[in-house]
Structure formats: C-alpha cells, structure tokens
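> Have a look; sequence and predicted model below, questions after that.
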Amino acid sequence: MLAGLMELDRLRRWQERAGEALADLSGRVPRLLLDCLARHLMVSAPQAETESGASRAAVERNLTLLVSRGIAREVTGAGRFRVWTAAI
C-alpha cells in the first residue's frame, strides 16, 4: 500500500512539473496529452489521437515537444509504432 501511495505522489509531482513546463503554451493538445499520459502507463500516437480528438500530426508534434521539455519519453526507440510514457 505504501508503494502505491508513493507512486501516486510521484505522479502528482510530475503533473505539477508538467503544468509548469507547459505554462507558456496556449494550445489545447499538450494539456490533453498530459491527461492521457497520466491515465495510461504507455501511450501510442493512434491512442493519443483518439483520446484527444487532435490530428495525428498535432499529436506527434506535441509529443515531440513534451519529450524536448522532459515531460514525456519515447520508450520504443523505433521510427514506427512508437510508444511514449510520462517522464516521472
């Protein structure tokens, strides 16, 4: 139980850090992607596209932005079928 509480605390801190890192952005897609990353252990571009309602191009562009700001990380290391996770 303690491990679960600690993980929830790490996720809360990540969400706070992510919100601060994206404070200068005005678009809706980065925030929707943060919510998606917070809900799932790993997220693919098609999944994020479906959940956010944004285009594939917008999702991939914003996931790249999240990676560059240290909020997300790409875990597959492949050009196709990539998967991202929160950089907790």
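On my side now, so go ahead.

> right, and Thr85 touches Leu41 too?
Yes: with contact defined as Cβ atoms under 8 Å, Thr85 and Leu41 form a contacting pair (6.4 Å). In short, each C-beta sits where N, CA and C put it, glycine included.

> Name the single longest helix found in this structure.
Across the chain, the longest stretch assigned as helix under DSSP state H is helix 2-21.

> and after it, which helix or strand comes next?
helix 29-39 (DSSP states H and E).

> What is the subsequent helix or strand relative to that following helix?
Using DSSP H and E, the first helix or strand after helix 29-39 is strand 43-44.

> Check which helices and strands that following strand is in contact with.
Where contact means 3 or more Cβ pairs under 8 Å, 6 or more residues apart in numbering; DSSP states H and E, strand 43-44 is packed against helix 29-39, strand 83-86.

> now these as TSV including mean pLDDT?
Listed next are the helices and strands packed on strand 43-44 as TSV, based on pLDDT from 0 to 100:
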stretch	mean pLDDT
helix 29-39	94
strand 83-86	95
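
> Now do the contacts for Trp14.
Contacts for Trp14 (Cβ atoms under 8 Å, 6 or more residues apart in numbering) come out as 38, 71, 86-88.
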